[in-house]
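> With the sequence up front, the predicted model follows.
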Amino acid sequence: MNITQFTHLASDSGGVLYVIVFMLFVALTVIIERLSFLHRATGSTRMALKQIDAVDTLDASKLVTCAAKFSGQPAERVLTAAAHLAGRASREDLDSSLEETVMREAPRVDRFLWVLDTVVTLAPLLGLFGTIVGMFNAFQVLSNPGNAPTQVTGGVAEALVATASGLFVAMFGLVFFNALQNRVRTLMHQLETLKAALVNRLAGVPREALKDVREMREAPAAGIAGLAVQRGG
């Protein structure tokens, strides 16, 4: 399809195709920007968790050094908040303060996703509107004497391009919208895990102690399962 054909189809749809192309450009911009941000954010938070897990106790100087490695990322703000409160706040105050920091990062994490959601919802409706306008123009051919009815079918086919374009943009945007939503959930879970790890380390709870607690919780369940197998045998 060349520019002349596209211009013809766009004019038949009342200019709706131009809007759909613009919405596709907006969707691509949001997708690329969010994928880049979330990739960096999840990677930095994962690295921060690994560094926190590598030590049993933390202090303000270690947290400041760690935060400097993740400049501009959500993990940096959580680590910086923990550094400011290290040794000066109770466990409850530390937990609530870090929870507030994580919640303040939420709007930054899912920023612009509403734009992609709007594109997914609006694109098919605009495509349908363009098709209706195109069909009006196609059936007006019959009102002119000397025009063959076959010209109507050609006009209807051209009008359907608007609906097809709108559906394509919506399907394309929906796939990436769901993928981005999943990345947002993953990042928020990582930040909550980082917050919990910081609270435990600053409260003096070593990582090995938490591991022992998990093993103790799993042991009764394993024993019950083994007993059930023996009785079944």
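Yep, that arrived.
> helix/strand/coil for Ser71?
At Ser71 the chain is in coil, as set by DSSP: H, G, I helix; E, B strand; the rest coil.
> Check the burial of it by counting its neighbours.
Using other C-beta atoms under 10 Å, Ser71 has 8 neighbouring residues. Every residue, glycine included, has its C-beta placed from N, CA and C.
> Identify the single longest helix in this protein, thanks.
helix 150-202 (DSSP state H).
> for the record, mean pLDDT for that helix?
For helix 150-202, the mean pLDDT works out to 87.
> what separates that helix from the chain centre, distance-wise?
8 Å (C-alpha atoms, centre = their mean, to the nearest Å).
> for stretch 33-42, same thing?
Here stretch 33-42 shows a centroid-to-chain-centroid distance of 9 Å under the convention C-alpha atoms, centre = their mean.
> Then stretch 116-130?
20 Å.
> same thing with stretch 77-91?
28 Å.
> now swap in stretch 106-117 and tell me
With C-alpha atoms, centre = their mean, you get 7 Å for stretch 106-117.
> Which parts of this structure are strands?
Counting by DSSP state E, one finds no strands in the chain.
> mind checking which helix or strand of this structure has the lowest mean pLDDT?
None of the helices or strands of the chain scores lower by mean pLDDT, DSSP states H and E than helix 207-232, at a mean of 52.
> Give the buried residues for stretch 105-125.
Neighbour counts over stretch 105-125 (16 or more other C-beta atoms under 10 Å) mark 105, 109-110, 115-116, 119-120, 122-124 as buried.
> correction: stretch 83-92
Along stretch 83-92, these residues count as buried under the neighbour rule (16+ other C-beta under 10 Å): 83, 85-86, 89.
> how far is that stretch from where the chain is centred?
The chain centre lies 32 Å from the centre of stretch 83-92; the measure is C-alpha atoms, centre = their mean.
> Quick one: mean pLDDT for it?
Computed over stretch 83-92, the average pLDDT equals 86.
> Find the residue at the geometric middle of the protein.
For the chain, the residue nearest the mean C-alpha position is Leu180 (2.5 Å; C-alpha atoms, centre = their mean).
> you'd agree that one is up against Arg111?
No: applying C-beta atoms under 8 Å, one finds Leu180 not in contact with Arg111, separated by 10.8 Å.
> so what sits against both of those two?
Contact criterion C-beta atoms under 8 Å, 6 or more residues apart in numbering; residues shared by Leu180 and Arg111: Arg34.
> In contact with Phe172, which residues?
Going by C-beta under 8 Å, 6+ apart, Phe172 touches 24, 27.
> Apply 10 Å and report the result again.
24, 27-28, 31, 119-120, 123 (C-beta atoms under 10 Å, 6 or more residues apart in numbering).
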